[in-house]
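**Q** have a look; sequence and predicted model below, questions after that.
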Protein chains: 2
Amino acid sequence: MLGIGAPLLGAPEPTERADAARNRRLLLDTAQQLVREHGVDALTMDELAKRAGVGKGTVFRRFGSRSGLMRALLDHSERKYQDAFMFGPPPLGPGAPPMRRLVAFGRARLLDIEVEGELHRAAEISEAGERYTGGPYNLLKTHVSILLREAGAAGEIPLLADTVLAVLDAPLVMYQMRVLGYDRVQIGDNWEAFIERIVGPRPPVE
Amino acid sequence: MLGIGAPLLGAPEPTERADAARNRRLLLDTAQQLVREHGVDALTMDELAKRAGVGKGTVFRRFGSRSGLMRALLDHSERKYQDAFMFGPPPLGPGAPPMRRLVAFGRARLLDIEVEGELHRAAEISEAGERYTGGPYNLLKTHVSILLREAGAAGEIPLLADTVLAVLDAPLVMYQMRVLGYDRVQIGDNWEAFIERIVGPRPPVE
(Lines give C-alpha, C1' and ligand atoms only; values in the text may rest on other atoms or scores of the structure.)
Protein backbone atom coordinates (compact mmCIF):
# COMPACT_ATOMS: atom_id res chain seq x y z
CA MET A 1 0.00 0.00 0.00
CA LEU A 2 2.94 2.27 0.57
CA GLY A 3 6.17 3.52 -0.91
CA ILE A 4 9.17 1.26 -1.06
CA GLY A 5 10.99 2.26 2.05
CA ALA A 6 9.01 5.50 2.22
CA PRO A 7 10.44 7.36 5.18
CA LEU A 8 8.04 8.41 7.88
CA LEU A 9 6.88 11.96 7.72
CA GLY A 10 9.36 14.35 9.18
CA ALA A 11 12.37 12.07 8.77
CA PRO A 12 15.32 14.38 8.24
CA GLU A 13 17.27 14.45 5.01
CA PRO A 14 20.55 15.49 6.52
CA THR A 15 22.64 15.35 3.35
CA GLU A 16 20.39 17.64 1.38
CA ARG A 17 20.82 21.39 1.43
CA ALA A 18 17.69 23.52 1.50
CA ASP A 19 17.83 24.61 -2.13
CA ALA A 20 18.56 21.07 -3.32
CA ALA A 21 15.52 19.90 -1.37
CA ARG A 22 13.44 22.64 -2.97
CA ASN A 23 14.57 21.65 -6.46
CA ARG A 24 13.80 18.05 -5.68
CA ARG A 25 10.27 18.93 -4.57
CA LEU A 26 9.81 20.98 -7.71
CA LEU A 27 10.88 18.07 -9.90
CA LEU A 28 8.57 15.70 -8.02
CA ASP A 29 5.60 18.05 -8.26
CA THR A 30 6.21 18.25 -12.01
CA ALA A 31 6.48 14.46 -12.22
CA GLN A 32 3.25 14.07 -10.27
CA GLN A 33 1.47 16.44 -12.60
CA LEU A 34 2.78 14.50 -15.60
CA VAL A 35 1.40 11.24 -14.19
CA ARG A 36 -1.93 12.81 -13.31
CA GLU A 37 -2.33 14.24 -16.79
CA HIS A 38 -0.93 11.50 -18.98
CA GLY A 39 -0.52 8.35 -16.91
CA VAL A 40 2.54 6.65 -15.55
CA ASP A 41 3.86 5.57 -18.96
CA ALA A 42 4.37 9.21 -19.91
CA LEU A 43 6.79 9.67 -17.05
CA THR A 44 10.26 9.42 -18.57
CA MET A 45 13.49 11.10 -17.54
CA ASP A 46 13.48 13.02 -20.84
CA GLU A 47 9.95 14.25 -20.53
CA LEU A 48 10.42 15.28 -16.91
CA ALA A 49 13.56 17.28 -17.75
CA LYS A 50 11.73 19.01 -20.61
CA ARG A 51 8.69 19.85 -18.49
CA ALA A 52 10.74 21.08 -15.54
CA GLY A 53 13.04 23.11 -17.78
CA VAL A 54 16.22 21.48 -16.49
CA GLY A 55 18.93 19.40 -18.13
CA LYS A 56 18.50 15.68 -18.40
CA GLY A 57 21.70 15.27 -16.37
CA THR A 58 20.07 17.00 -13.41
CA VAL A 59 17.21 14.53 -13.43
CA PHE A 60 19.59 11.56 -13.61
CA ARG A 61 21.83 12.97 -10.85
CA ARG A 62 18.82 13.45 -8.66
CA PHE A 63 17.01 10.11 -9.13
CA GLY A 64 19.54 7.76 -10.72
CA SER A 65 17.05 5.98 -12.96
CA ARG A 66 13.42 5.91 -13.92
CA SER A 67 12.66 3.39 -11.20
CA GLY A 68 14.47 5.61 -8.70
CA LEU A 69 12.24 8.45 -9.86
CA MET A 70 9.12 6.32 -9.44
CA ARG A 71 10.12 5.40 -5.91
CA ALA A 72 10.83 9.03 -5.04
CA LEU A 73 7.49 10.04 -6.52
CA LEU A 74 5.62 7.49 -4.46
CA ASP A 75 7.42 8.64 -1.30
CA HIS A 76 6.54 12.21 -2.17
CA SER A 77 2.88 11.36 -2.64
CA GLU A 78 2.87 9.24 0.52
CA ARG A 79 4.31 12.10 2.57
CA LYS A 80 1.65 14.45 1.28
CA TYR A 81 -1.00 11.93 2.31
CA GLN A 82 0.54 11.43 5.76
CA ASP A 83 0.77 15.19 6.17
CA ALA A 84 -2.87 15.61 5.21
CA PHE A 85 -4.32 13.01 7.56
CA MET A 86 -2.11 13.93 10.50
CA PHE A 87 -1.92 17.72 10.27
CA GLY A 88 -4.19 18.89 7.44
CA PRO A 89 -7.65 20.45 7.58
CA PRO A 90 -10.69 18.39 8.60
CA PRO A 91 -12.40 16.10 7.82
CA LEU A 92 -9.19 14.27 6.82
CA GLY A 93 -7.09 16.02 9.45
CA PRO A 94 -7.82 16.67 13.14
CA GLY A 95 -11.03 18.41 14.12
CA ALA A 96 -13.75 16.21 12.61
CA PRO A 97 -15.49 13.28 14.39
CA PRO A 98 -13.49 10.05 14.06
CA MET A 99 -15.94 8.27 11.75
CA ARG A 100 -15.92 11.24 9.35
CA ARG A 101 -12.12 11.20 9.44
CA LEU A 102 -12.07 7.50 8.60
CA VAL A 103 -14.40 8.08 5.67
CA ALA A 104 -12.19 10.93 4.41
CA PHE A 105 -9.07 8.80 4.92
CA GLY A 106 -10.41 6.19 2.50
CA ARG A 107 -11.71 8.64 -0.08
CA ALA A 108 -8.37 10.46 -0.19
CA ARG A 109 -6.57 7.15 -0.59
CA LEU A 110 -8.85 6.12 -3.44
CA LEU A 111 -8.00 9.33 -5.28
CA ASP A 112 -4.27 8.62 -4.90
CA ILE A 113 -4.74 5.07 -6.14
CA GLU A 114 -6.82 6.18 -9.10
CA VAL A 115 -4.17 8.68 -10.15
CA GLU A 116 -0.99 6.88 -9.16
CA GLY A 117 -2.22 3.32 -9.05
CA GLU A 118 0.61 1.85 -11.12
CA LEU A 119 3.16 3.32 -8.73
CA HIS A 120 1.33 1.88 -5.73
CA ARG A 121 0.91 -1.51 -7.36
CA ALA A 122 4.58 -1.74 -8.31
CA ALA A 123 5.53 -0.87 -4.74
CA GLU A 124 3.20 -3.44 -3.23
CA ILE A 125 4.45 -6.22 -5.43
CA SER A 126 8.09 -5.47 -4.66
CA GLU A 127 7.52 -5.26 -0.91
CA ALA A 128 5.13 -8.22 -0.76
CA GLY A 129 6.94 -10.03 2.02
CA GLU A 130 7.48 -7.11 4.35
CA ARG A 131 4.40 -5.09 3.63
CA TYR A 132 2.71 -5.43 7.00
CA THR A 133 5.83 -5.06 9.10
CA GLY A 134 7.08 -1.91 7.33
CA GLY A 135 7.01 1.58 8.80
CA PRO A 136 4.62 3.07 6.25
CA TYR A 137 1.92 0.42 6.80
CA ASN A 138 2.23 0.80 10.53
CA LEU A 139 1.89 4.57 10.40
CA LEU A 140 -1.44 4.16 8.59
CA LYS A 141 -2.42 1.42 10.99
CA THR A 142 -1.67 3.53 14.06
CA HIS A 143 -3.73 6.37 12.64
CA VAL A 144 -6.68 4.11 11.81
CA SER A 145 -6.45 2.36 15.20
CA ILE A 146 -6.66 5.66 17.06
CA LEU A 147 -9.71 6.75 15.06
CA LEU A 148 -11.40 3.35 15.53
CA ARG A 149 -10.86 3.58 19.29
CA GLU A 150 -12.10 7.17 19.42
CA ALA A 151 -15.17 6.17 17.46
CA GLY A 152 -15.89 3.47 20.01
CA ALA A 153 -15.43 0.49 17.68
CA ALA A 154 -15.76 -2.86 19.45
CA GLY A 155 -13.49 -5.87 19.17
CA GLU A 156 -9.75 -6.33 18.68
CA ILE A 157 -8.65 -2.96 17.32
CA PRO A 158 -5.38 -4.20 15.72
CA LEU A 159 -7.26 -6.87 13.75
CA LEU A 160 -10.01 -4.42 12.87
CA ALA A 161 -7.47 -1.86 11.64
CA ASP A 162 -5.92 -4.48 9.32
CA THR A 163 -9.37 -5.34 8.03
CA VAL A 164 -10.14 -1.71 7.33
CA LEU A 165 -6.84 -1.11 5.52
CA ALA A 166 -7.23 -4.27 3.43
CA VAL A 167 -10.19 -2.64 1.68
CA LEU A 168 -7.86 0.13 0.44
CA ASP A 169 -5.26 -2.27 -1.01
CA ALA A 170 -4.03 -0.63 -4.24
CA PRO A 171 -4.10 -3.73 -6.49
CA LEU A 172 -7.62 -4.52 -5.23
CA VAL A 173 -8.89 -1.01 -5.89
CA MET A 174 -7.27 -0.97 -9.33
CA TYR A 175 -8.97 -4.26 -10.17
CA GLN A 176 -12.31 -2.83 -9.06
CA MET A 177 -11.80 0.24 -11.24
CA ARG A 178 -10.24 -1.32 -14.32
CA VAL A 179 -11.71 -4.81 -14.46
CA LEU A 180 -15.03 -4.47 -12.65
CA GLY A 181 -15.56 -0.95 -14.00
CA TYR A 182 -16.50 0.84 -10.79
CA ASP A 183 -15.56 4.48 -10.45
CA ARG A 184 -13.96 6.17 -7.47
CA VAL A 185 -17.24 7.55 -6.15
CA GLN A 186 -18.88 4.12 -6.11
CA ILE A 187 -15.91 2.55 -4.37
CA GLY A 188 -15.84 5.49 -1.98
CA ASP A 189 -19.54 5.02 -1.19
CA ASN A 190 -18.87 1.34 -0.51
CA TRP A 191 -16.01 2.38 1.79
CA GLU A 192 -18.27 4.82 3.64
CA ALA A 193 -21.03 2.22 4.16
CA PHE A 194 -18.37 -0.25 5.27
CA ILE A 195 -16.93 2.15 7.86
CA GLU A 196 -20.39 2.91 9.21
CA ARG A 197 -21.07 -0.78 9.65
CA ILE A 198 -17.70 -1.52 11.20
CA VAL A 199 -17.76 1.40 13.61
CA GLY A 200 -21.46 1.78 14.38
CA PRO A 201 -23.34 -0.06 17.13
CA ARG A 202 -23.37 -3.82 16.70
CA PRO A 203 -26.47 -4.92 14.79
CA PRO A 204 -28.78 -7.49 16.37
CA VAL A 205 -27.95 -11.01 15.19
CA GLU A 206 -30.85 -13.01 13.88
CA MET B 1 -4.99 -16.26 -1.79
CA LEU B 2 -4.98 -19.24 -4.11
CA GLY B 3 -2.77 -21.75 -5.84
CA ILE B 4 -0.62 -20.71 -8.75
CA GLY B 5 -2.85 -21.63 -11.62
CA ALA B 6 -4.89 -23.92 -9.39
CA PRO B 7 -7.44 -25.51 -11.69
CA LEU B 8 -11.07 -25.15 -10.79
CA LEU B 9 -12.59 -28.07 -9.00
CA GLY B 10 -13.59 -30.83 -11.34
CA ALA B 11 -11.26 -29.82 -14.15
CA PRO B 12 -10.36 -33.05 -15.93
CA GLU B 13 -6.84 -34.41 -16.02
CA PRO B 14 -7.12 -36.19 -19.34
CA THR B 15 -3.54 -37.38 -19.59
CA GLU B 16 -3.57 -39.11 -16.23
CA ARG B 17 -4.66 -42.70 -15.86
CA ALA B 18 -6.75 -43.59 -12.82
CA ASP B 19 -3.96 -45.38 -10.94
CA ALA B 20 -1.49 -42.57 -11.68
CA ALA B 21 -4.03 -40.10 -10.30
CA ARG B 22 -4.43 -42.25 -7.19
CA ASN B 23 -0.68 -42.39 -6.65
CA ARG B 24 -0.47 -38.65 -7.10
CA ARG B 25 -3.15 -38.07 -4.48
CA LEU B 26 -1.37 -40.44 -2.15
CA LEU B 27 1.89 -38.51 -2.55
CA LEU B 28 0.13 -35.20 -2.00
CA ASP B 29 -1.66 -36.44 1.11
CA THR B 30 1.70 -37.56 2.46
CA ALA B 31 3.24 -34.19 1.59
CA GLN B 32 0.37 -32.37 3.28
CA GLN B 33 0.83 -34.44 6.43
CA LEU B 34 4.55 -33.66 6.40
CA VAL B 35 3.87 -29.93 6.20
CA ARG B 36 1.21 -30.09 8.92
CA GLU B 37 3.56 -31.96 11.25
CA HIS B 38 6.91 -30.34 10.58
CA GLY B 39 6.34 -27.15 8.59
CA VAL B 40 7.02 -26.34 4.99
CA ASP B 41 10.82 -26.46 5.33
CA ALA B 42 10.63 -30.18 6.11
CA LEU B 43 9.06 -30.82 2.73
CA THR B 44 11.87 -32.03 0.47
CA MET B 45 11.78 -34.46 -2.44
CA ASP B 46 13.93 -36.88 -0.43
CA GLU B 47 11.81 -36.79 2.67
CA LEU B 48 8.59 -37.18 0.70
CA ALA B 49 9.95 -40.24 -1.13
CA LYS B 50 11.05 -41.79 2.16
CA ARG B 51 7.70 -41.14 3.86
CA ALA B 52 5.65 -42.36 0.93
CA GLY B 53 7.83 -45.43 0.48
CA VAL B 54 8.60 -44.74 -3.17
CA GLY B 55 11.78 -44.06 -5.09
CA LYS B 56 13.07 -40.52 -5.34
CA GLY B 57 12.81 -40.82 -9.13
CA THR B 58 9.07 -41.29 -8.84
CA VAL B 59 8.69 -38.06 -6.91
CA PHE B 60 10.79 -36.15 -9.43
CA ARG B 61 8.95 -37.65 -12.39
CA ARG B 62 5.67 -36.67 -10.83
CA PHE B 63 6.42 -33.08 -9.74
CA GLY B 64 9.57 -32.05 -11.58
CA SER B 65 11.03 -30.03 -8.71
CA ARG B 66 10.37 -28.96 -5.17
CA SER B 67 8.59 -25.83 -6.35
CA GLY B 68 6.48 -27.99 -8.67
CA LEU B 69 5.60 -30.11 -5.66
CA MET B 70 4.65 -27.03 -3.62
CA ARG B 71 2.38 -25.80 -6.40
CA ALA B 72 0.75 -29.21 -6.70
CA LEU B 73 0.27 -29.33 -2.95
CA LEU B 74 -1.41 -25.97 -2.88
CA ASP B 75 -3.70 -27.00 -5.75
CA HIS B 76 -4.52 -30.16 -3.85
CA SER B 77 -5.38 -28.26 -0.69
CA GLU B 78 -7.34 -25.68 -2.68
CA ARG B 79 -9.42 -28.38 -4.33
CA LYS B 80 -10.23 -29.91 -0.97
CA TYR B 81 -11.36 -26.50 0.25
CA GLN B 82 -13.47 -25.85 -2.86
CA ASP B 83 -14.98 -29.31 -2.50
CA ALA B 84 -15.84 -28.67 1.14
CA PHE B 85 -17.55 -25.31 0.67
CA MET B 86 -19.43 -26.31 -2.48
CA PHE B 87 -20.43 -29.91 -1.75
CA GLY B 88 -19.40 -30.78 1.81
CA PRO B 89 -21.49 -31.03 4.96
CA PRO B 90 -22.91 -27.89 6.61
CA PRO B 91 -22.20 -25.36 7.95
CA LEU B 92 -19.38 -24.96 5.39
CA GLY B 93 -21.32 -26.77 2.67
CA PRO B 94 -24.96 -26.38 1.58
CA GLY B 95 -27.71 -26.70 4.16
CA ALA B 96 -26.84 -24.05 6.75
CA PRO B 97 -28.08 -20.41 6.73
CA PRO B 98 -25.88 -18.18 4.56
CA MET B 99 -24.35 -16.19 7.42
CA ARG B 100 -23.33 -19.40 9.20
CA ARG B 101 -21.80 -20.62 5.94
CA LEU B 102 -19.82 -17.41 5.56
CA VAL B 103 -18.51 -17.74 9.11
CA ALA B 104 -17.49 -21.36 8.46
CA PHE B 105 -15.90 -20.36 5.14
CA GLY B 106 -13.54 -17.99 6.95
CA ARG B 107 -12.73 -20.31 9.83
CA ALA B 108 -11.85 -23.15 7.43
CA ARG B 109 -9.65 -20.79 5.44
CA LEU B 110 -7.84 -19.64 8.56
CA LEU B 111 -7.03 -23.25 9.41
CA ASP B 112 -5.54 -23.79 5.94
CA ILE B 113 -3.50 -20.61 6.24
CA GLU B 114 -2.24 -21.52 9.69
CA VAL B 115 -1.09 -24.91 8.48
CA GLU B 116 0.01 -24.14 4.93
CA GLY B 117 0.60 -20.43 5.20
CA GLU B 118 4.02 -20.42 3.54
CA LEU B 119 2.59 -22.14 0.50
CA HIS B 120 -0.22 -19.61 0.27
CA ARG B 121 2.11 -16.69 0.75
CA ALA B 122 4.53 -17.90 -1.91
CA ALA B 123 1.64 -18.30 -4.32
CA GLU B 124 0.26 -14.84 -3.62
CA ILE B 125 3.58 -13.16 -4.12
CA SER B 126 4.21 -14.91 -7.42
CA GLU B 127 0.75 -14.17 -8.79
CA ALA B 128 0.63 -10.62 -7.45
CA GLY B 129 -0.37 -9.00 -10.73
CA GLU B 130 -3.12 -11.40 -11.74
CA ARG B 131 -4.48 -12.38 -8.38
CA TYR B 132 -7.90 -10.83 -8.69
CA THR B 133 -8.50 -11.81 -12.29
CA GLY B 134 -7.55 -15.47 -11.82
CA GLY B 135 -10.03 -18.38 -11.82
CA PRO B 136 -9.39 -19.44 -8.22
CA TYR B 137 -10.07 -15.99 -6.76
CA ASN B 138 -13.20 -15.68 -8.79
CA LEU B 139 -14.50 -19.06 -7.69
CA LEU B 140 -14.24 -17.92 -4.06
CA LYS B 141 -15.75 -14.59 -4.99
CA THR B 142 -18.72 -16.17 -6.73
CA HIS B 143 -19.35 -18.36 -3.71
CA VAL B 144 -19.12 -15.45 -1.26
CA SER B 145 -21.28 -13.25 -3.49
CA ILE B 146 -24.06 -15.84 -3.58
CA LEU B 147 -24.01 -16.20 0.20
CA LEU B 148 -23.97 -12.43 0.72
CA ARG B 149 -26.99 -12.07 -1.57
CA GLU B 150 -28.85 -14.91 0.13
CA ALA B 151 -28.12 -13.35 3.50
CA GLY B 152 -29.67 -10.10 2.30
CA ALA B 153 -26.50 -8.00 2.46
CA ALA B 154 -27.00 -4.44 1.19
CA GLY B 155 -24.79 -2.49 -1.20
CA GLU B 156 -22.66 -3.45 -4.20
CA ILE B 157 -22.20 -7.20 -3.78
CA PRO B 158 -19.06 -7.47 -5.98
CA LEU B 159 -17.28 -4.78 -3.95
CA LEU B 160 -18.52 -6.28 -0.70
CA ALA B 161 -17.29 -9.74 -1.71
CA ASP B 162 -13.80 -8.32 -2.38
CA THR B 163 -13.88 -6.62 1.00
CA VAL B 164 -14.82 -9.85 2.73
CA LEU B 165 -12.12 -11.88 0.95
CA ALA B 166 -9.45 -9.24 1.70
CA VAL B 167 -9.77 -10.11 5.39
CA LEU B 168 -8.67 -13.68 4.60
CA ASP B 169 -5.57 -12.64 2.64
CA ALA B 170 -2.88 -15.21 3.53
CA PRO B 171 0.03 -12.77 4.10
CA LEU B 172 -2.22 -10.62 6.28
CA VAL B 173 -3.39 -13.56 8.40
CA MET B 174 0.17 -14.83 8.76
CA TYR B 175 1.29 -11.41 9.95
CA GLN B 176 -1.52 -11.37 12.49
CA MET B 177 -0.50 -14.80 13.76
CA ARG B 178 3.26 -14.51 13.67
CA VAL B 179 3.94 -10.84 14.29
CA LEU B 180 0.91 -9.67 16.24
CA GLY B 181 0.63 -13.00 18.09
CA TYR B 182 -3.08 -13.68 17.63
CA ASP B 183 -4.19 -17.28 17.39
CA ARG B 184 -6.59 -18.78 14.90
CA VAL B 185 -9.55 -18.66 17.28
CA GLN B 186 -9.11 -14.94 17.96
CA ILE B 187 -8.80 -14.16 14.27
CA GLY B 188 -11.80 -16.42 13.61
CA ASP B 189 -13.85 -14.56 16.23
CA ASN B 190 -12.89 -11.27 14.60
CA TRP B 191 -13.98 -12.74 11.25
CA GLU B 192 -17.31 -13.83 12.72
CA ALA B 193 -18.04 -10.43 14.28
CA PHE B 194 -17.02 -8.82 10.98
CA ILE B 195 -19.41 -10.98 8.95
CA GLU B 196 -22.26 -10.25 11.35
CA ARG B 197 -21.65 -6.53 10.95
CA ILE B 198 -21.32 -6.68 7.20
CA VAL B 199 -24.35 -8.83 6.63
CA GLY B 200 -26.70 -7.76 9.42
CA PRO B 201 -29.15 -4.87 9.25
CA ARG B 202 -27.54 -1.50 8.76
CA PRO B 203 -26.89 0.21 12.09
CA PRO B 204 -28.32 3.66 12.71
CA VAL B 205 -25.80 6.38 11.87
CA GLU B 206 -25.31 9.01 14.53
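**A** Great, that's in hand.
**Q** look up phi and psi at residue A:94.
**A** In terms of degrees, to the nearest 10, the main-chain angles of residue A:94 are phi -60, psi 150.
**Q** what is it paired to in the beta sheet?
**A** With DSSP bridges as the criterion, residue A:94 is bridged to residue A:96.
**Q** now for chain A, the helix or strand with the poorest mean pLDDT.
**A** helix A:98-126 (a mean of 83; mean pLDDT, DSSP states H and E).
**Q** buried ones in that one?
**A** A:98-110, A:112-113, A:115-124 (16 or more other C-beta atoms under 10 Å in any protein chain shown). (Each C-beta comes from the backbone N, C-alpha and C, glycine too.)
**Q** same deal with stretch A:18-29?
**A** A:23, A:24, A:27, A:28.
**Q** phi, psi of the residue nearest to the spatial centre of chain A?
**A** Centroid-nearest residue in chain A: residue A:78, 4.7 Å away (criterion: C-alpha atoms, centre = their mean). Dihedral pair for residue A:78: phi -60, psi -40, per degrees, to the nearest 10.
**Q** was I right about it contacting residue A:136?
**A** Yes - contact between residue A:78 and residue A:136 holds when scored by C-beta atoms under 8 Å: they sit 6.4 Å apart.
**Q** anything in stretch A:151-171 near chain B?
**A** Yes - counting by C-beta under 8 Å from any C-beta of the partner chain, chain B has neighbours in stretch A:151-171: A:154, A:155, A:156, A:158, A:159, A:160, A:162, A:163, A:166, A:167, A:169, A:171.
**Q** A helix includes the first one, no?
**A** So that's residue A:154. No - membership of residue A:154 in a helix is not supported by DSSP: H, G, I helix; E, B strand; the rest coil, which gives coil.
**Q** tell me the domain ranges of chain A?
**A** Domain ranges of chain A: A:16-64, A:73-199, per automatic domain parsing.
**Q** next, the distance between the ends of the longest one.
**A** End-to-end distance of domain A:73-199 (C-alpha to C-alpha, to the nearest Å): 33 Å.
**Q** low-confidence ranges, chain A, go.
**A** A:1-16, A:122-129, A:201-206 (pLDDT under 70).
**Q** helices of that one, residue ranges please.
**A** Taking DSSP state H as the criterion, chain A carries its helices at A:18-38, A:45-52, A:56-63, A:66-87, A:98-126, A:135-150, A:157-166, A:170-178, A:184-199.
**Q** centre of the chain to stretch A:171-187, how far?
**A** Between the centre of stretch A:171-187 and the centre of its chain there are 16 Å (C-alpha atoms, centre = their mean, to the nearest Å).
**Q** got it, and stretch A:78-86?
**A** Distance, centroid of stretch A:78-86 to centroid of chain: 8 Å (C-alpha atoms, centre = their mean).
**Q** now swap in stretch A:77-93 and tell me
**A** 10 Å.
**Q** and if you look at stretch A:52-68?
**A** 23 Å.
**Q** how long is it end to end?
**A** Stretch A:52-68 end-to-end distance (C-alpha to C-alpha) = 17 Å.
**Q** just to revisit the earlier point, out of the domains of chain A, indicate the one that is most buried.
**A** With neighbours defined as mean count of other C-beta atoms under 10 Å in any protein chain shown, these peak in mean count at domain A:73-199, which reaches a mean of 19.
**Q** ok, residue A:89 - contacts?
**A** Each residue near residue A:89 by C-beta atoms under 8 Å, 6 or more residues apart in numbering or on different chains is listed here: residue A:95.
**Q** likewise for residue A:163?
**A** If you count contacts by C-beta under 8 Å, 6+ apart, then residue A:163 has A:198, B:166, B:167, B:190, B:194 around it.
**Q** distance check, the third one against residue B:174.
**A** The one in question is residue B:167. 13 Å (C-beta to C-beta, to the nearest Å).
**Q** same check on the last one?
**A** Note on residue B:194: its distance to residue B:174, by C-beta to C-beta, is 18 Å.
**Q** thanks a lot, catch you later.
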